[in-house]
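Asker: I'd like to go over a predicted model; first the sequence, then the structure.
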Amino acid sequence: MPDTPVPNCQSGEPQRDSGGWLPLEHYAALGDGRSVALIGLDGSIDWWCVPHMDSPPLFDRLLDPASGGFFAVTPREPFQVERRYRPDSNVLETLYITASGRVRLTESLNSGPAGRLPWAELARRIEGVEGEVELDIAIDFGTQADTVSPYLTPNDNGCVFHAGHILGMFLHDAHVQVERKDDMGVRARVLAKPGQRSVVALIAGHDEPLVVPPLGLVDERIDGSDREWRQWSQGLTYDGPFKALVVRNALALKLLLSSPSGSIMAAATTSLPERIGGAKNYDYRFAWVRDAGYTIEAFLGIGAQPEAKAAFTWLLRRLGEHGAQVFYTLQGDLGTVTRPLALPGYKHSAPVVGNDARDQLQHGVFGDIFETARCFIDSGNILDNISAATLAHLADECADCWRLPDSGIWELPEQQHYTTSKISSWQALSRAIELADGGHLPTTCRERWVRERERIHAWIETHAWSEKRQAYLFYPGSDRLDASIALAVRFGYPSKARLQSTLEDVHQHLGRGAFHYRYSGAVEEEGCFLACTFWLVEAWALLGQRERAQSVFEQALAGLSHGVGIYSEMVDPDSGEFLGNLPQGLTHLAALRAALAIDGQGPER
C-alpha cells in the first residue's frame, strides 16, 4: 500500500482581498502547549491569544483586518512564498522569493529543554539566502474589541508594552532598524544579506514578572523547540504506510493540548464562519468531551501515552466535579453562553465569544466517555476507584435519560430523538458492561445496563430505520440523513448490513465532490464537514472496503492540499475555500483515524 502524500508544502503569491482578509487555507499554526498563533502566507501573525488559547487575543487581525492587532515580517517588494513545517515538527519555515533575492523565515513558539517555558516566547529568525532583500517589520497590539488601550512604558531594561493584563517586550538584534516604537505599535526594517541572521521576538506574560532572555538564547530555542517536537514525533509508535500523514495530524492535535492542565481545545479560534456571511459562527476555544475523548483514543492508538493519560485524568476529574457536560473551559470550569464580540468578524461574519451548547443535553457525551475509558483499558492501563465510581454513576445516568430527546452531535437548537444519539447511548452501556466484565467497574448495576442496552437497540431498529430508504434516518419521522451515522461502525453497533446501506445513501445524497455535508439540508447553511468524509472512509475500511476507503481518502486529501497541513472544520466543495475554525481538532482526529483504519488498525468491537 503506497504512502499517501501529506499536504505539508505550500506556495503562492499571497494576496489579501479588498477587505484585507486572507483565505483561511493561507494560515499555518504555531504552538507551545499553552497558546496557538496563526501566521498568514504573507508573514503576518493575525491571531494569538496570550498566555492561553482561550485568553483574549493580543493579535486579532483575523477578525478585524482594518484595526486589529498583528505582527508582520514581510518583504518590501513583491514576493512569492514557499513554506512548510520542518519534518516531524511544528516549527515553520518560509522562503520569500523576490526579484532581488531570497530570504528564509523560521518561526516558533518556543519551549525550553525542560518543556514549556513559564512565559510566552514567539521567535522569528530571518536569514538571507541569496541577494539582498529588505523586509518590513510591523506590530500593532490588539485592543480586545476596544476594551483596552495598549501603551508602552520605558525602563532601565527596555521598553515594555501593555495590553490589558498582558505585558511584554519586543526583542531584536542590531541588524533591525527601529523606525517607530510607541503606544500605537512598532515599525522597523531589516536588510537581509547572504549568510546574515537576524532574530525578532516577542516575550509576554499575564500580570507577572517577566524574564527577558538574551536574544541569542531565544534564537537557540528555535532549534531546541524543533528538537523537542521531533523527539516527541519519533516517540510515536505508528510505523505504517501513512506514517508522515499520521505524524502531521498528531502534531496538529498536540497544538491544541494545554500542557498546564491536560485539557484539549476543540479549535484555536472563534467565529470563523461555516459559510461566508452566514450566522453559524461559534467559539470553539473550549474543551468538548467528544473532542477530548476522540483525541485521547487517537493518542493511545499511536503511543502518545503521557498526553492520553493527562487528558483522561483531566476529563474524569471534570466529570466528577460537574457531571456530564458538553464542554468545559480549559481550566475545568463550566463555559459561558454566547455573547456578541464588537469586531467586524472574518469577512463580515459577526463574531462571538462563548457557546450556547453549554446548556444542551447531548446523549453522545456518554458514548464518548465510555469509549475513551474502554480504549484506555484496552491499552493495558488501569482505573482508580474514584474514576470507576464516577463512570458507574454516569452509566446509571445514561440508562435513565436515553429516552429523552436531545440536541444531538450537531448541537442543534431543535431537540429530537436523533438516531446517532441513541446509538451513542447504546455504545455507552455496551462499553460500561465490557468494563464491568473486565473487573474495571462495579458490577452492581450491570444487569440493568444490559437490559437498557437491549431496549435502546430495539428502539433504534423499530423507530429509526426506514424501509423505504433502506437507511437509518436523522431522527424518526423525518426523511433526512445524517453523515455522523458512520461513527456507528467504529462503535461496534451490530446492524452492519443496515449501516452499510445507510452509508451508501449518505454518500450518494450528502456527498459533493470529494467531501460530504453533515446532514440533509446543510448545503443551504454551510460547507462540507471534513470530519464526516473521514468518518465515512474509516467506516468503509472497518467494513472491509479498504480500496474504496483509500480512494475517497486520497481524493479528500488532494482537495485539502493547497493548505500547509492545518485543517479547518469545513470546506467549500466547489472553490476549495476553507471554512470554520482552525486548527480544527475533530478534522485532524478523523483524518488520523481514517489512516489507521485503512491500515487495518481500527478498534475491534
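Answerer: Looks like it came in fine. Fair warning: this is a prediction, and the values are worked out from it, not measured in the lab. Numbers count the residues shown, from 1 in each chain.
Asker: that's a strand at residue 212, yeah?
Answerer: No: if the criterion is DSSP: H, G, I helix; E, B strand; the rest coil, then residue 212 is coil and not within a strand.
Asker: what about it, distance to residue 155?
Answerer: For residue 212, the distance to residue 155 equals 11 Å [Cβ to Cβ, to the nearest Å]. To be clear about C-beta, it is placed using only N, CA and C from the backbone, and glycine gets the same treatment.
Asker: ok, those two, which is more surrounded?
Answerer: residue 212 (14 against 7; other Cβ atoms under 10 Å).
Asker: check what pLDDT the more buried one gets.
Answerer: On the pLDDT scale, residue 212 is placed at 94.
Asker: which residues does the closest residue to residue 332 other than its chain neighbours contact?
Answerer: Leaving aside its chain neighbours, residue 332 sits nearest to residue 318 (5.2 Å; criterion: Cβ to Cβ, 6 or more residues apart in numbering). Applying Cβ atoms under 8 Å, 6 or more residues apart in numbering to residue 318 gives the contacts 287, 325, 328, 332.
Asker: run the last query once more with 10 Å
Answerer: With contacts defined as Cβ atoms under 10 Å, 6 or more residues apart in numbering, the neighbours of residue 318 are 261, 263, 287, 289, 292, 324-325, 327-329, 332-334.
Asker: and if you look at residue 202?
Answerer: 37, 45, 48, 50, 58-59, 71, 120-124, 139, 141, 161, 168-171, 186, 218.
Asker: counting contacts, what elements does the lowest-mean-pLDDT helix or strand in the chain pack onto?
Answerer: When the helices and strands of the chain are scored by mean pLDDT, DSSP states H and E, strand 9-12 comes last with a mean of 90. If you count contacts as 3 or more Cβ pairs under 10 Å, 6 or more residues apart in numbering; DSSP states H and E, strand 9-12 packs onto strand 79-85, strand 92-98.
Asker: about what we covered before: let's see which of the contacts of residue 318 end up in strands.
Answerer: Taking DSSP state E, the ones among the contacts of residue 318 that sit in strands are 287, 327-328.
Asker: ok, and the most crowded of those residues?
Answerer: residue 287 (31 neighbours).
Asker: what's across from it in the sheet?
Answerer: residue 328 (DSSP bridges).
Asker: wait, it touches residue 334, no?
Answerer: No: under the criterion of Cβ atoms under 10 Å, residue 287 is not in contact with residue 334, lying 11.3 Å apart.
Asker: now do the shared contacts for the two.
Answerer: Joint contacts of residue 287 and residue 334 (Cβ under 10 Å, 6+ apart) are 318, 325, 327-328.
Asker: next, count neighbours for the spatially closest residue to residue 280 that is not a sequence neighbour.
Answerer: Spatially, and ignoring its direct neighbours in sequence, residue 280 is nearest to residue 274 (4.0 Å; Cβ to Cβ, 6+ apart). Using other Cβ under 10 Å, residue 274 has 22 neighbouring residues.
Asker: now do residue 274, the pLDDT please.
Answerer: On the pLDDT scale, residue 274 is placed at 96.
Asker: residue 140 and residue 455, how far apart?
Answerer: Taking Cβ to Cβ, one finds residue 140 at 60 Å from residue 455.
Asker: neighbour-wise, which of those two wins?
Answerer: Ranked by neighbour count (other Cβ under 10 Å), residue 140 and residue 455 place residue 140 first, with 19 against 16.
Asker: can you show me the strands along the stretch 401-550 of the chain?
Answerer: 465-466, 471-472, 511-512, 515-516, 528-529 (DSSP state E, counting those that start in this stretch).
Asker: for those, which one sits closest to residue 280?
Answerer: Shortest distance between residue 280 and those, using Cβ to Cβ, is found for strand 528-529: 11.3 Å.
Asker: count of neighbours near residue 427?
Answerer: So residue 427, with other Cβ under 10 Å, has 29 neighbours.
Asker: ok, now which ones touch it?
Answerer: 363-364, 366-368, 370-371, 374, 398, 420, 453, 456, 487-488, 490-493, 605 are the contacts of residue 427 under Cβ under 10 Å, 6+ apart.
Asker: residue 72 touches residue 16, doesn't it?
Answerer: No: with contacts counted by Cβ under 10 Å, residue 72 stays clear of residue 16, the gap being 11.3 Å.
Asker: give me the common contacts of those two.
Answerer: Jointly contacting residue 72 and residue 16 under the rule Cβ under 10 Å, 6+ apart are 40, 42, 44.
Asker: among the contacts of residue 427, the buried ones, what's the PyMOL command?
Answerer: Entered in PyMOL, the line below selects the buried ones among these, by 16 or more other Cβ atoms under 10 Å:
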select buried, resi 363+364+366+367+368+370+371+374+398+420+453+456+487+488+490+491+492+493+605
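Asker: helices - which of the contacts of residue 427 land there?
Answerer: Judged by DSSP state H, the contacts of residue 427 include 364, 366-368, 370-371, 374, 398, 420, 453, 456, 487-488, 490-491 as members of helices.
Asker: name the member of these with the shortest distance to residue 515.
Answerer: residue 487 (17.0 Å).
Asker: specify the angle between the longest strand anywhere in the chain and strand 92-98 in degrees.
Answerer: In the chain, assigned by DSSP E, the strand with the most residues is strand 120-131. Relative orientation of strand 120-131 versus strand 92-98 (axes from the mean of the first three to the mean of the last three Cα atoms, to 10 degrees): 40 degrees.
Asker: quick check: mean pLDDT of strand 120-131?
Answerer: Strand 120-131 comes out at a mean pLDDT of 98.
Asker: now do stretch 490-504
Answerer: Here the average pLDDT along stretch 490-504 is 97.
Asker: now stretch 238-246
Answerer: Per-residue pLDDT over stretch 238-246 has a mean of 96.
Asker: pull up the distance across it, start to finish.
Answerer: 8 Å (Cα to Cα, to the nearest Å).
Asker: picking that back up, how far away is the residue nearest to residue 280 from residue 424?
Answerer: From residue 274 to residue 424 the distance is 23 Å (Cβ to Cβ).
Asker: give me the secondary structure label for residue 34.
Answerer: Going by three-state DSSP: residue 34 is coil.
Asker: got the contact list for it?
Answerer: 49-53, 55, 109, 111, 116-120, 257-261, 330.
Asker: about what we covered before: Throw the helices and strands packed on strand 9-12 into JSON lines and include mean pLDDT and mean neighbour count, thanks.
Answerer: Listed next are the helices and strands packed on strand 9-12 as JSON lines, based on pLDDT from 0 to 100; neighbours: other Cβ atoms under 10 Å:
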{"stretch": "strand 79-85", "mean pLDDT": "97", "mean neighbour count": "20"}
{"stretch": "strand 92-98", "mean pLDDT": "98", "mean neighbour count": "20"}
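Asker: wait, isn't residue 261 in contact with residue 311?
Answerer: Yes: the pair residue 261 / residue 311 is scored as a contact, 9.2 Å apart, by Cβ under 10 Å.
Asker: more neighbours, the two?
Answerer: Shown here are residue 261 and residue 311; by other Cβ under 10 Å, residue 311 has more neighbours (25 against 21).
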